[in-house]
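> turn this into a structure:
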Amino acid sequence: MAVTNKPAAKPQRAKSGAGKRSASAKTKERSAEKKLFRPAPTMPMQNSGMLNIAIKAAREAARIQMMAFRDRTRLHITNKAAGDYVTEVDKECERVITETIKTAFPNHAILGEESGESGTVGAEYLWVVDPLDGTTNFIHGIDVFAVSIALLKDGVPQCGVVYDANRNQLFTAEKGKGAYLDERRIRVSSLTSIQDALIATGFPFREGDDYGAYMETMKKMMENTCGLRRCGSAALDLCWTACGRFDGYWEKGIKIWDIAAGALIAREAGAIVTDFSGEGDYLSKGEIVAATPKVYADMMKVIRPQSE
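Sure, this is the predicted structure:
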């Protein structure tokens, strides 16, 4: 039987991109590993240099938070006061934020929750920093906490950043330029009736707080709204009011670093933001009301009588 010799097959020329699969696969693997530490989104708008520094600082602090949040068994927790905690994560985040700001603006002053005020005495610019707003949530594994950074010029907020690393959501605002969630302009809800409003608040926990008056206010709010929420981060309460998730927020007994950034973001999103007497001294008084305009008026009818 004759055997026919077939011509040898021509060698196949490697297609463009062949041989790169392994490198591509490795890149995908590295991307998956870093998914938890995604950087905060960049903004399409022209930010000021000061806002960009705040965003950079928030990113670095958030990376520290998320690494520690994965393994909380190693946390070292101390009490500043009853119900008021601090961890080494708070302190390390504040250190990184402070270094970032001081490198860019050495003549500015900084007020941090954990380290107090530093820098040039009487400086025109003051950075107000809460490195980990929602420490109690963080300690207990509840993923509602954020980095909060605000810049004040002669006591007036100029820009604010609140970064929620768990959801990779970056809230920002500059005075007179509106408020943003990532690249999207945000506005408060258009709700006009408090009966349908979802309201956020905080619970008093410090010695000397007037529990009676606060509980009476909460009772009336529960009777007149569709519900109350206590999330444990004032910065996020304000930002979630700014983007319409909440229709309003009120709280007493808070510090300037809890609300300086979030209050500006809420105002730039269209919220009315005042203290309990309807004035603008919320940063110094440690009490705040923020809400869409129609709901704000109804909230004040409940809050004002209890605060007088």
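> domain boundaries for this structure, per the record?
Split into domains by automatic domain parsing, the chain comes to 39-185, 194-307.
> now those domains in TSV, with mean neighbour count?
In this view, the C-beta of every residue, glycine as well, is placed from N, C-alpha and C. Formatted as TSV, those follow (neighbours: other CB atoms under 10 Å):
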stretch	mean neighbour count
domain 39-185	19
domain 194-307	20
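> for the residue most central in space within the chain, pull up the helix or strand it's in.
Of all residues in the chain, the one closest to the mean position by CA atoms, centre = their mean is Val162, 2.9 Å from it. Assigned by DSSP states H and E, Val162 belongs to strand 156-164.
> could you export that strand as PDB, CA atoms only?
Output for strand 156-164, consisting of C-alpha atoms alone and laid out as PDB, is shown next (Å, rounded to 0.1, in the frame of the first residue of the first chain):
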ATOM      1  CA  VAL A 156     -15.000  79.900  57.700                       C
ATOM      2  CA  PRO A 157     -15.000  76.400  56.000                       C
ATOM      3  CA  GLN A 158     -13.500  76.600  52.500                       C
ATOM      4  CA  CYS A 159     -13.300  73.000  51.500                       C
ATOM      5  CA  GLY A 160     -14.200  69.600  52.900                       C
ATOM      6  CA  VAL A 161     -13.500  65.900  52.200                       C
ATOM      7  CA  VAL A 162     -15.300  62.900  53.700                       C
ATOM      8  CA  TYR A 163     -14.000  59.600  52.400                       C
ATOM      9  CA  ASP A 164     -16.000  56.400  53.000                       C
END
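> can you name the next helix or strand after that strand?
Moving on from strand 156-164 towards the C-terminus, the next helix or strand you reach (DSSP H and E) is strand 169-174.
> now that following strand: average pLDDT?
Confidence for strand 169-174, expressed as mean pLDDT, is 98.
> residues in contact with it: which ones?
When contacts are defined by CB atoms under 8 Å, 6 or more residues apart in numbering, strand 169-174 is touched by residues 40-41, 43, 47-48, 51, 54-55, 58, 158-164, 179-182, 186, 239, 242-243, 261-262, 264-265, 267-269.
> strands of the stretch 151-300 of the chain, start to end?
156-164, 169-174, 179-181, 184-185, 198-201, 227-229, 248-252, 272-274, 287-291 (DSSP state E, counting those that start in this stretch).
> got the ones you listed as a markdown table, with distance to Met299 columns?
Formatted as a markdown table, the entries for the strands of the stretch 151-300 of the chain read as follows, by distance: least, CB to CB, whole Å:
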| stretch | distance to Met299 |
| --- | --- |
| strand 156-164 | 22 |
| strand 169-174 | 22 |
| strand 179-181 | 20 |
| strand 184-185 | 25 |
| strand 198-201 | 7 |
| strand 227-229 | 12 |
| strand 248-252 | 5 |
| strand 272-274 | 9 |
| strand 287-291 | 5 |
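> relative to Ser115, which of those is closest?
Of all the strands of the stretch 151-300 of the chain, it is strand 156-164 that lies closest to Ser115, at 18.8 Å by CB to CB.
> mind listing what that closest one pairs with, with the direction of each?
Counting by DSSP bridges, the strands paired with strand 156-164 are strand 146-153 (antiparallel), strand 169-174 (antiparallel).
> so can I have JSON lines of the ones you listed showing distance to Tyr282?
Shown next, in JSON lines, are these (distance: least, CB to CB, whole Å):
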{"stretch": "strand 146-153", "distance to Tyr282": "13"}
{"stretch": "strand 169-174", "distance to Tyr282": "16"}
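> these: which one's closest to Phe203?
When the strands paired with strand 156-164 are compared for distance to Phe203 using CB to CB, the nearest one is strand 146-153, at 18.6 Å.
> pLDDT (mean, whole number) over that closest one?
Over the span of strand 146-153, the pLDDT mean works out to 98.
> send me that strand as CSV with only the CA atoms.
The C-alpha atoms that make up strand 146-153 are tabulated as CSV, following Å, rounded to 0.1, in the frame of the first residue of the first chain:
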residue,chain,number,x,y,z
ALA,A,146,-14.9,57.7,57.5
VAL,A,147,-12.1,60.1,57.2
SER,A,148,-13.1,63.7,57.6
ILE,A,149,-10.9,66.7,56.7
ALA,A,150,-11.9,70.4,56.4
LEU,A,151,-10.1,73.6,55.8
LEU,A,152,-11.1,76.8,57.5
LYS,A,153,-10.0,80.3,56.6
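> now do it: distance to the chain's middle.
A distance of 9 Å separates the C-alpha centroid of strand 146-153 from that of its chain, computed with CA atoms, centre = their mean, to the nearest Å.
> again, but for stretch 172-185
Taking the mean of its C-alpha atoms, stretch 172-185 sits 13 Å from the chain's own mean (CA atoms, centre = their mean).
> now the end-to-end length of that stretch.
By CA to CA, to the nearest Å, the extent of stretch 172-185 from end to end equals 10 Å.
> same deal with stretch 122-139?
Using CA to CA, first and last residues of stretch 122-139 are 35 Å apart.
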